[in-house]
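Visitor: Here's a sequence, model it:
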Amino acid sequence: MTILVTGGAGFIGANFVLDWLATSDEPIINLDKLTYAGNPETLASLEGDARHQLVQGDIGDSTLVSRLLAEHQPRAVVNFAAESHVDRSIHGPGEFIETNIVGTFRLLEAVRGYWRGLADAGIREQGRAPSHNPFRFLHVSTDEVYGSLAKDDPAFSEAHRYEPNSPYSASKAASDHLVRAWHHTYGLPVLTTNCSNNYGPYHFPEKLIPLMIVNALAGKPLPVYGDGMQIRDWLYVKDHCSAIRRVLEAGRLGEVYNVGGWNEKPNIEIVQTICQLLDEMRPKASGSYAQQITYVTDRPGHDRRYAIDARKLEAELGWKPAETFETGIRKTVEWYLANPEWVQHVQSGAYREWVNKNYTGRQT
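Guide: Model (predicted):
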């Protein structure tokens, strides 16, 4: 048995690959475009591990995807591949449309062709996937497709209507709809997860938590949008990985499962907590890291609050997060302090030189 993971050199995807191979001997074919956010150094511990094969390529490359499916016959595809940074989507939405919508469409079509071919092995019946069909397509999405909540609104459930407010969230909403349609129209055995804000090791330092850690240590300003009272539900990335494994194992076909950490926090509190932990673990010669906090002009269309209701996942599949925010954020700060070389390579672009030398132009 093998699974195909797309986007497995990015933040969440790489953590999933590492966790999967730490707990299972089932091999992974890892397809990643290796854009700026794809960092093979995150997977350095798997160098020489026969269970992991990293292939540079685009989910929109139907020929490549079809070849990988035919050669490796995976029992599942887990799709992490996406452009995901809201600020970048505001300044350049085209890449988000191409990857998150067109790319997902082409990936679905390649997977549908592969899945239809499984009929020869007796895995498919009458154009629909039977309940015992081992093949699954799991699509990883975001809570941002649901839009913004007011302070006292109930958290997002799986039944909440889609109201995306940024080019990023709109492109992810479109990809979710494509996945749903390919299930209802063609019977493709799909599962979708919509997660809250992730944090943890190997996070590219353009997102809030790693940016604050890296900037604080460098003595740079800690930019906080607007009044800093935008609320997010924070999920430790390893908890997200365990939820995906559980959904892949036992989720009901065609269903959506929200994954959240039950940790609603305003952004300013996140930044202050990071400063407090750094004051404890890596104190400055004088003063507090909090003195570096700087309020900046809010970004356009900035959603005020996200919150995930993950009770369906708990009730149906028995999943709960293992980490509280307090334990997870401490582990995260400790990881960044213990891994300055990884951070330095990301900041300097040295990891891109490694990609260009070892992967660009090569598809294995």
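
Visitor: Am I right that residue 224 is in a helix?
Guide: No - assessed with DSSP: H, G, I helix; E, B strand; the rest coil, residue 224 is strand; it does not lie in a helix.

Visitor: Spit out the contact partners of it.
Guide: 267, 268, 271, 293, 294, 295, 296 (CB atoms under 8 Å, 6 or more residues apart in numbering). The C-beta positions use only the backbone N, C-alpha and C, and glycine is treated the same way.

Visitor: Nearest to residue 226 among those?
Guide: residue 295 (7.3 Å; CB to CB).

Visitor: the longest helix in the chain is where?
Guide: In the chain, with assignment by DSSP state H, the single longest helix is helix 167-186.

Visitor: For that helix, which outside residues touch it?
Guide: 82-86, 88-90, 93, 96-97, 99-101, 104-105, 108, 112, 127, 137, 139, 141-142, 144-145, 147, 162, 164, 188-190, 192, 194, 253-254, 256.

Visitor: Just the ones of the residues you listed in strands?
Guide: Residues of those located in strands (DSSP state E): 137, 139, 141, 142, 190, 192, 194, 256.

Visitor: Closest to residue 2 out of the residues you listed?
Guide: residue 137 (14.4 Å).

Visitor: which residues touch that closest one?
Guide: Shown in contact with residue 137 (CB under 8 Å, 6+ apart): 76, 77, 79, 108, 111, 115, 179, 188, 189, 190, 191.

Visitor: Quick check: the fourth one touching residue 114?
Guide: Meaning residue 108. No - with contact defined as CB atoms under 8 Å, residue 108 does not reach residue 114; the gap is 10.7 Å.

Visitor: More neighbours: those two, which one.
Guide: Of the pair residue 108 and residue 114, residue 108 is the one with more neighbours under other CB atoms under 10 Å, namely 24 against 20.

Visitor: The more buried one and residue 279: what is the separation?
Guide: Distance, residue 108 to residue 279, using CB to CB, to the nearest Å: 48 Å.

Visitor: Residue 254 now?
Guide: From residue 254 across to residue 279, the span is 49 Å (CB to CB).

Visitor: Do a quick rundown of the helices in the chain.
Guide: For the chain, the helices defined by DSSP H occupy 11-23, 62-72, 86-91, 94-96, 104-117, 167-186, 208-217, 237-250, 267-281, 311-317, 325-338, 340-348, 350-358.

Visitor: Mind telling me which of those the model trusts least?
Guide: Sorting these by mean pLDDT places helix 350-358 lowest, at a mean of 72.

Visitor: so which of the helices of the chain gets nearest residue 39?
Guide: Closest among these, using CB to CB: helix 350-358, at 5.2 Å.

Visitor: Can you name the residues that contact the spatially closest residue to residue 237 that is not a sequence neighbour?
Guide: Nearest residue to residue 237, sequence neighbours excluded (CB to CB, 6 or more residues apart in numbering): residue 200, at 3.5 Å. For residue 200, the contacting residues are 15, 236, 237, 238, 328, 331, 332, 335, by CB under 8 Å, 6+ apart.

Visitor: Could you do residue 54 as well?
Guide: By CB under 8 Å, 6+ apart, residue 54 lies in contact with 8, 9, 30, 32, 40, 43, 359.

Visitor: same deal with residue 147?
Guide: 162, 163, 164, 165, 169, 303.

Visitor: at 7 Å instead, please
Guide: The contact partners of residue 147, by CB atoms under 7 Å, 6 or more residues apart in numbering, come to 163, 164, 165, 303.

Visitor: Now, of those, which are buried?
Guide: Among the contacts of residue 147, the ones that count as buried by 16 or more other CB atoms under 10 Å are 164, 165, 303.

Visitor: pLDDT score for residue 124?
Guide: pLDDT, residue 124: 47.

Visitor: Neighbours of residue 167, how many?
Guide: 22.

Visitor: Residue 15 contacts residue 236, correct?
Guide: No - the criterion here is CB atoms under 7 Å, and residue 15 misses it with residue 236 at 9.8 Å.
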